[in-house]
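**Student:** Attaching a predicted model along with its sequence, questions to come.
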Amino acid sequence: MIRTALVVGASGIAGSATARLLVEEGAEVLGLARNPQAQEGVTPIAADLLDPAALAKAVAGIRPDAVFITTWARQANEAENIRVNAAMVRNLLGALRPAGSVRHVALVTGLKHYLGPFEAYGKGTLPQTPFREEQGRLDVANFYYAQEDEVFAAAEQDGFSWSVHRPHTIIGQAVGNAMNMGTTLAAYAVLCRETGRPFRFPGSAVQWNGLTDMTDARMLARQLLWAATTPGAANQAFNIVNGDVFRWSWMWGRIAEWFGLTPAPFDGEGLPLEVQMADDAATWRAIAEREGLVEADLGRIASAWHTDADLGRPIEVVTDMSKSRRLGFTAYQATDDAFFDLFARLRQDRLIP
């Protein structure tokens, strides 16, 4: 049982879902973010992971037994991604070291472990799909590997157990998040409905026709909690996806139907969302003002660049879950329902009309 949990990146998609589950499970939950948002049952801690002195002051006096690292900071290139994101993990675990309370650290990374960083995304010699945890690191610099190495080094020094979790594209709610396909597609659908533009798939033919999977943030949270409380899961890395597979040629129509749209036929060449939505900020602001939405800044709702990266991949991506299944993690979530649950919550929270 987790008594006190520190969720780092508690305002993000993965962090907010993890904090919510931990609260439901009866843990004392501390939510660390640069600018924490109010979350029921979560004690906010404002801290900058790149300021070691201020970070140490912010966490002084807390004694978490479990730490969940669900954040990263995007930089201009991979060298900077490595420098900054490794420092964030190193500074955090260093700041918690004096209390000596940490028993488990969970790190959320992703499928770029297998696909490579943004600068070399889906290029070169990649492992065979479905991706399996025993497939090693690519021979390329990757900030995920640097983050892992910081956790491994601290675990060796401080004696805690660790787990690494590799979700595929995450479906969940978080405003201002850098990687947010579900909310991006919701905003795109609203804009298409508003302007009469065709609801056009923005990605590649491979993604349209091939098999893929995704990760509901609630599924990720459940695996994080499971790994932190299951002795057999200690010191291991796990893939985490919903458990179903689908083709976008099917899912696109499901999403269109939810918004009352007719999907445009796919002509074999996707038009990226960054192009399609480039001039939509004013339209979104007008919709927000008319409908009383709580966020009028399209840039805080949609992350077109990341959705384009996922939907534009030239290879089929599916993920194996056998490792955690064998150890007893059997949760499942239908991906179309995950989208629908998110859309309903976005509407309820006045983020979309």
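**Tutor:** Cool, got the structure. Numbers count the residues shown, from 1 in each chain.
**Student:** nearest spatial neighbour of residue 163, skipping sequence neighbours?
**Tutor:** Leaving aside its sequence neighbours, residue 163 sits nearest to residue 227 (C-beta to C-beta, 6 or more residues apart in numbering; 3.9 Å). Quick note: C-beta positions are derived from backbone N, CA and C, even for glycine.
**Student:** Mind telling me what element the one you found is part of?
**Tutor:** Using DSSP states H and E, residue 227 sits within helix 217-229.
**Student:** How about the contacts made by residue 183?
**Tutor:** 173, 174, 175, 177, 301, 302, 303, 342, 346, 351 (C-beta atoms under 8 Å, 6 or more residues apart in numbering).
**Student:** host element of it?
**Tutor:** helix 181-195.
**Student:** could you give the angle of that helix to helix 217-229?
**Tutor:** Orientation check (axes from the mean of the first three to the mean of the last three C-alpha atoms, to 10 degrees): helix 181-195 against helix 217-229 gives 170 degrees.
**Student:** Check which helices and strands the helix or strand residue 344 falls within sits against.
**Tutor:** Assessed by DSSP H and E, residue 344 sits inside helix 335-348. If contacts are counted by 3 or more C-beta pairs under 8 Å, 6 or more residues apart in numbering; DSSP states H and E, helix 335-348 sits against strand 170-171, helix 181-195, strand 215-216, helix 248-258.
**Student:** so of these, which one's packed in deepest?
**Tutor:** Ranked by average neighbour count under the criterion mean count of other C-beta atoms under 10 Å, these are headed by strand 215-216 at a mean of 28.
**Student:** Can you give the distance of that strand from its chain's centre?
**Tutor:** 8 Å (C-alpha atoms, centre = their mean, to the nearest Å).
**Student:** Identify all contacting residues around it.
**Tutor:** Counting by C-beta under 8 Å, 6+ apart, 167-172, 240-242, 333, 335, 338, 341 sit against strand 215-216.
**Student:** ditto for stretch 195-209
**Tutor:** Contacts for stretch 195-209 (C-beta under 8 Å, 6+ apart): 188-189, 191-192, 247-249, 252, 256, 259, 261-264, 266, 268-273, 276, 283, 307-308, 310-316.
**Student:** May I see the buried residues of stretch 18-34?
**Tutor:** Buried residues in stretch 18-34, counted by 16 or more other C-beta atoms under 10 Å: 18-23, 27-33.
**Student:** so can I have CSV of the residues you listed showing distance to residue 132?
**Tutor:** Below are these laid out as CSV (distance: C-beta to C-beta, whole Å):
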residue, distance to residue 132
18, 24
19, 30
20, 30
21, 26
22, 29
23, 33
27, 31
28, 36
29, 32
30, 34
31, 33
32, 32
33, 33
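**Student:** of those, closest to residue 235?
**Tutor:** Residue 235 lies nearest to residue 18 out of the buried residues of stretch 18-34, by C-beta to C-beta, at 19.8 Å.
**Student:** Report the separation between the closest one and residue 95.
**Tutor:** Going from residue 18 to residue 95 by C-beta to C-beta, to the nearest Å gives 20 Å.
**Student:** ditto for residue 76
**Tutor:** Residue 76 is 26 Å from residue 95, by C-beta to C-beta.
**Student:** For these two, work out which one has more neighbours and name it.
**Tutor:** Counted by other C-beta atoms under 10 Å, residue 76 and residue 95 do not tie: residue 95 has more neighbours, with 21 against 7.
**Student:** Would you confirm that the more buried one belongs to a helix?
**Tutor:** Yes. Judged by DSSP: H, G, I helix; E, B strand; the rest coil, residue 95 forms part of a helix.
**Student:** residues touching it, list them.
**Tutor:** For residue 95, the residues meeting the contact criterion (C-beta under 8 Å, 6+ apart) are 52, 55, 56, 58, 59.
**Student:** Roughly how far does residue 129 sit from residue 210?
**Tutor:** In this structure, residue 129 and residue 210 are 9 Å apart, going by C-beta to C-beta.
**Student:** how many other residues sit next to residue 140?
**Tutor:** 14.
**Student:** wouldn't it be in contact with residue 114 here?
**Tutor:** No. Using C-beta atoms under 8 Å, residue 140 is not in contact with residue 114, being 11.3 Å away.
**Student:** list residues touching both of those two?
**Tutor:** By C-beta under 8 Å, 6+ apart, no residue touches both residue 140 and residue 114.
**Student:** Now do the helices in the stretch 101-250 of the chain.
**Tutor:** Secondary structure of the stretch 101-250 of the chain by DSSP state H, counting those that start in this stretch: the helices cover 112-115, 143-158, 181-195, 205-209, 217-229, 248-258.
**Student:** which secondary structure elements does the helix holding residue 227 contact?
**Tutor:** The elements that helix 217-229 packs onto, with contact taken as 3+ C-beta pairs under 8 Å, 6+ apart, are helix 13-24, strand 66-69, strand 104-108, strand 161-167, strand 170-171, strand 236-240, helix 322-326.
**Student:** now residue 107: how far from residue 89?
**Tutor:** As defined by C-beta to C-beta, residue 107 lies at a distance of 7 Å from residue 89.
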